[in-house]
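Visitor: Here's my sequence, what's the structure:
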Amino acid sequence: MFNQGMEIKTLQDECDAAGPAGATWRAELRADCGRCFGLCCVAPAFSASAEFAFDKAAGQPCRHLGAGFGCSIHDRLRPAGFAGCAAYDCFGAGQRVAQETFGGQGGRDWLMSPDLADAMFSAFGVMRQLHELAWYLTQALALGPDDPLPSQLSSALAATDGLCRGDATGLAALDVGPHRFGVNSLLLAVSEQVRARAGDLGPELRGADLAGQDLSGADLRRASLRGASLVGARLRSADLRSADLTGADLRGADLGHARLETALFLTQAQAASATGDERTNLPASLRRPPHWSRVPRSDGDHRDRDRAQVRRAGRRGASRA
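Guide: Predicted coordinates:
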C-alpha cells in the first residue's frame, strides 16, 4: 500500500537534491485538490473514449463534480470509465491559480463569481504547462549533470517561476512555446549526458510509433523514447533503466516486471496510464498506481487485453484524423 507521506518526502528529497532552485518548488509541484476550485474538472474538454465515459466541453463542469469542488466518483474513476481522470496530474497548477493568481480576489471562485471563470480557466491551462516544465527542470537538476548545465537549469527554473507569477491577464496571453523550446534544449542535453554516463547510448527511438508492439524483455537501456507512441505496447520484463521517456505515450502499455527505477523523466501520469504489477520497478519518486494490482496474470488475458487496447487506440486515432 502506498504511503502518501513517504511519497511527499521523496519529492522533497529530490527538490533538495536539485539545490536552492529546486527547493523553492518543494510544495508546489504536487496537486493539492483541497486548495483548488476543481479547475481540472471544468476547464479542459474531453471526448468519449477509453479514457472518458462521455463528452465534456471546455469550461463545462463535469457532471461528477460535487459540492466543495470534490469528485463524487473519485474512489471509482477507472470502473466508471474515467481512466483519463485517474491518470491526470496538474503538477500543482490548480492550487497556484486558485490561491496565488486569484488570491487577491477575496477567495472568490468561478462558481461564486462567474465573471472570473474564463480568466481562471485560461490561467490554469497556461499554469499547468509552466508547472510541468518546472517539474522536468527539477528532475534534471536532481540528476546531477555536469557544468554548465546546473546553472542553466536553475536559471530556466527561475524564469519559469517568474512567468508563473504573472497576473491572470498576462498568463492568458502568454505563449509558452518559446520558453518550452529553450527548456527542451536543456533537457535534451541533460538526457544525453546522463545516459552516456551510464554506458553506451541505447536505441534512438524518438517519436517512434511502437503502438501495440511486443517488446517483452527488450533491452532499452539508455534509449531515447522521447515522444514515442507505446500505446498498448507489451513491455513485460523490458529493461528501461536510464531510458529517456519524456512525453512517451504509455496508455495501456504493459509494464509488468519492467525495470524503470532509473528511467529519465517518467511522470506519475505516464505510470498511471499504463499497467504494471508488484515486480515493476519504478523510480523512487513515483507511487505504484492502485489499479496495477488488478493486472490480469494469464497470458491469454494479457493478449486479449492488449488487442482490445490497440483497437481502442486505433479508433481514437481514426477519430482525430
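
Visitor: Would you tell me what the next helix or strand after the longest helix anywhere in the chain is?
Guide: The longest helix of the chain (DSSP state H) is helix 117-142. Using DSSP states H and E, the helix or strand that follows helix 117-142 in sequence is helix 149-164.

Visitor: give me the element the one residue sitting closest to the centre of the chain is part of.
Guide: Central residue of the chain (C-alpha atoms, centre = their mean): Ala269, 3.8 Å from the mean position. Assigning secondary structure by DSSP H and E places Ala269 in helix 268-273.

Visitor: what number of residues lie near Asp175?
Guide: 8 (other C-beta atoms under 10 Å). For glycine as for every other residue, the C-beta is placed from the backbone atoms N, C-alpha and C.

Visitor: swap in Arg195?
Guide: 21.

Visitor: Quick check, it in contact with Pro203.
Guide: No. With contact defined as C-beta atoms under 8 Å, Arg195 does not count as touching Pro203 (11.2 Å).

Visitor: Give me the common contacts of those two.
Guide: Ser224 (C-beta atoms under 8 Å, 6 or more residues apart in numbering).

Visitor: circling back to that earlier point, which residues touch the residue nearest to the residue nearest to the centre of the chain when sequence neighbours are not counted?
Guide: What sits nearest to Ala269 in space, not counting adjacent residues and going by C-beta to C-beta, 6 or more residues apart in numbering, is Asp89, at 4.3 Å. Shown in contact with Asp89 (C-beta under 8 Å, 6+ apart): 31, 267-269, 272.

Visitor: low pLDDT regions in the chain?
Guide: 1-24, 26-27, 106, 293-321 (pLDDT under 70).

Visitor: all helices of it, in order?
Guide: Counting by DSSP H, residue ranges of the helices within the chain are 4-17, 20-23, 83-87, 93-96, 117-142, 149-164, 168-173, 177-198, 268-273, 299-320.

Visitor: Tell me, how many residues neighbour the nearest residue to Ala53 once chain neighbours are set aside?
Guide: Computed as C-beta to C-beta, 6+ apart, the closest residue to Ala53 that is not its neighbour in sequence is Gly81, at 3.2 Å. Look at Gly81: counted by other C-beta under 10 Å, it has 17 neighbours.

Visitor: close enough to count as contact, Gly81 and His64?
Guide: No. Using C-beta under 8 Å as the test, Gly81 is too far from His64 to be in contact (10.7 Å).

Visitor: quick one: the strands in the stretch 201-321 of the chain?
Guide: Secondary structure of the stretch 201-321 of the chain (DSSP state E, counting those that start in this stretch): no strands located.

Visitor: Leu205 against Ser229, yeah?
Guide: No. With contact defined as C-beta under 8 Å, Leu205 does not reach Ser229; the gap is 10.2 Å.

Visitor: Which neighbours do these two have in common?
Guide: With C-beta under 8 Å, 6+ apart as the test, Leu205 and Ser229 reach no residue in common.

Visitor: returning to that earlier point: would you confirm that the residue nearest to the centre of the chain contacts Tyr88?
Guide: Yes. Judged on C-beta under 8 Å, Ala269 makes contact with Tyr88 at a distance of 6.5 Å.
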